[in-house]
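Enquirer: below is the sequence, then the predicted model.
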Amino acid sequence: MAPTGRTESPPSPRRASGGLTREGLAAVSSVLRGPVEQGGLPGLVSLVARGAQVHVDALGVQDLQSGVPMRRDTLFRIASMGKPVTAVATLMLVEDGRLQLDGPVDRWLPELANRRVLRALDSPLEDTVPARRPITVRDLLTLRLGTGAVMAPPNTYPIQKAMQAERVAPGFEPIPHTPDEFMRRLGALPLIHHPGERWMYHTGFEVLGVLVARASGMGLDDFLSERLFKPLGMNDTAFSVPQEKLDRVSTAYQRAPGTGALTAWDSPLSGLLSHPPAFLAGGGQGGGLVSTADDFLTFCRMLLNQGRHGATRLLSPESLQQMLTDQIPPEQKAASPFFPGFWDTSGWGFGGSVTTRPDGISPTAGRYGWAGGFGTTFFIDPDQDLVALLLTQRIMSGPDDEAFAVAFSKAAYAALG
């Protein structure tokens with residue numbers, strides 16, 4: 001299948017910038033072709049935009065069995081790349097006065113009131129002390145509610161075993177519970193750390209999805225549709241896909257242990273996306289939202305425009321500033337294990353990472369973005385008026401996944417005029 005790439009270059013960019021060079025964009029396309037042509041990825045869609053200039057590559061196929069070619073409007077599971085979307089929804093409710101950023105969540109999430117905290121990570125579940133304070137909205141946004149992914153081999157500690165048994169542990173499989181049942185099970189377990197004390201990945205955003213629904217009095221899908229997706233024209237972004245769009249959904253693949261062969265994890269016609277899930281995953285577990293490159297570009301441009309889309313303001317500049325600012329102090333980074341080297345040049349805002357110093361990808365601090373477990377990644381750079389998106393359909397499983405995203409990101413910066 002012949003790869004395609006095209007660039008749109010209106011005469012007057014939205015902001016003063018040097019644009020994107022033809023040679024640089026050709027290099028972006030070259031970086032992307034290798035894994036597809038070598039069979040490591042079935043296909044991908046990438047997008048690099050600066051101002052009003054947009055370059056798109058659509059390479060390979062949506063599905064290996066049918067050979068349907070990848071297209072610009074192919075639908076991808078964006079998984080954890082949807083965390084910033086949930087962050088924006090939460091900040092909308094803060095601005096509405098329904099939530100307080102530094103207020104307790106007990107009113108809306110009574111399952112998390114009066115928390116008990118493990119005396120130590122390796123403690124039995126009964127060995128707890130009272131939490132020093134309630135969980136706040138900010139704790140959820142900054143992943144400091146006190147529970148989440150334990151960066152240790154599975155079943156190392158009793159709390160890991162308990163989270164897995166209750167099916168509330170972070171992972172690739174969809175959460176099988178209703179929101180109320182998820183909260184009941186999560187609330188029956190102790191916290192691992194005191195609220196606000198340490199950063200732990202993921203779970204806070206699944207809780208935020210429930211909080212948005214309860215505080216708004218709407219389903220999370222309905223709230224996102226009414227307050228965010230419709231105003232932005234993100235018509236292809238949702239938690240499930242109607243029958244008439246299933247032919248645009250990319251099949252999700254995983255690599256077989258040992259051989260690395262690609263095997264289907266979920267197909268569009270018979271799989272998870274053809275009906276609404278039991279749990280609408282605000283953190284993206286199980287795939288989360290489905291979106292397209294152009295839909296997510298619109299979301300990113302709203303962030304770059306300080307919360308405005310055309311004549312419509314969705315979020316205040318003050319809220320956006322907090323979202324794009326590192327919220328984690330150095331002592332908490334030192335006590336919060338994640339991937340090796342992550343905290344050396346990165347922090348965490350609301351819903352995504354923020355570069356805190358030049359990191360070999362961008363020449364300055366302030367790049368904001370995040371990745372999804374199915375190989376998707378995005379970033380915005382407000383200083384450069386730059387957006388870069390990479391959408392793939394293979395579950396991430398090793399260092400080469402990160403290396404590919406880094407290579408793409410470097411190429412996007414190298415394309416700056």
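Expert: Sure, I can see it.

Enquirer: use CA for all of it now, contacts and neighbours both
Expert: Noted.

Enquirer: shaky segments in the stretch 1-150 of the chain?
Expert: Per-residue confidence for the stretch 1-150 of the chain (pLDDT under 70) gives these ranges: 1-17.

Enquirer: hmm, try it at 50
Expert: Residue ranges of the stretch 1-150 of the chain with pLDDT under 50: 1-4, 7-16.

Enquirer: for it, which segments count as strands?
Expert: Assigned by DSSP state E, counting those that start in this stretch, the strands in the stretch 1-150 of the chain fall at 4-8, 43-50, 53-60, 76-77, 116-118, 128-130.

Enquirer: deepest-packed of those, please.
Expert: Among the strands of the stretch 1-150 of the chain, ranked by average contacts under mean count of other Cα atoms under 10 Å, first place goes to strand 76-77 (a mean of 30).

Enquirer: give me the buried positions along stretch 360-380.
Expert: Within stretch 360-380, the residues scored as buried using 16 or more other Cα atoms under 10 Å are 361-362, 365-380.

Enquirer: ok, now stretch 75-89?
Expert: Using 16+ other Cα under 10 Å as the test for burial, stretch 75-89 gives 75-89.

Enquirer: ok, now stretch 402-417?
Expert: 404-405, 408-416.

Enquirer: with stretch 100-111 instead?
Expert: Buried positions in stretch 100-111, judged by neighbour count with 16+ other Cα under 10 Å: 100-101, 104-105, 108-109, 111.

Enquirer: just the closest of the residues you listed to Ala26, please.
Expert: Proximity of the buried residues of stretch 100-111 to Ala26 (Cα to Cα) peaks at Leu101, which lies at 44.2 Å.

Enquirer: what sits against that closest one?
Expert: Taking Cα atoms under 8 Å, 6 or more residues apart in numbering as the contact definition, Leu101 lies against 94, 136-138.

Enquirer: the same query, at a cut-off of 10 Å, please.
Expert: By Cα atoms under 10 Å, 6 or more residues apart in numbering, the contact list for Leu101 reads 90-91, 93-95, 136-141.

Enquirer: just Val68 next, same as before
Expert: When contacts are counted by Cα under 10 Å, 6+ apart, Val68 touches 1, 60-62, 247-248, 250.

Enquirer: which among the residues you listed gets closest to Asp326?
Expert: Ser250 (33.8 Å).

Enquirer: next one: the closest one from Val241, what distance?
Expert: Distance, Ser250 to Val241, using Cα to Cα, to the nearest Å: 12 Å.

Enquirer: now do the shared contacts for the two.
Expert: Counting by Cα under 10 Å, 6+ apart, the common neighbours of Ser250 and Val241 are 75, 268.

Enquirer: of the two, which one has the most company?
Expert: Comparing Ser250 with Val241 by other Cα atoms under 10 Å, the one with more neighbours is Ser250, at 28 against 23.

Enquirer: that one is in contact with Ser66, isn't it?
Expert: No - with contact defined as Cα atoms under 10 Å, Ser250 does not count as touching Ser66 (11.1 Å).

Enquirer: and the closest residue to Val85 other than its chain neighbours, what pLDDT?
Expert: In this structure, Val85 finds its nearest non-sequential neighbour in Gly351, 7.7 Å apart by Cα to Cα, 6 or more residues apart in numbering. pLDDT, Gly351: 98.

Enquirer: tell me how far the residue most central in space within the chain lies from Phe296.
Expert: Central residue of the chain (Cα atoms, centre = their mean): Met81, 1.9 Å from the mean position. Distance, Met81 to Phe296, by Cα to Cα: 10 Å.
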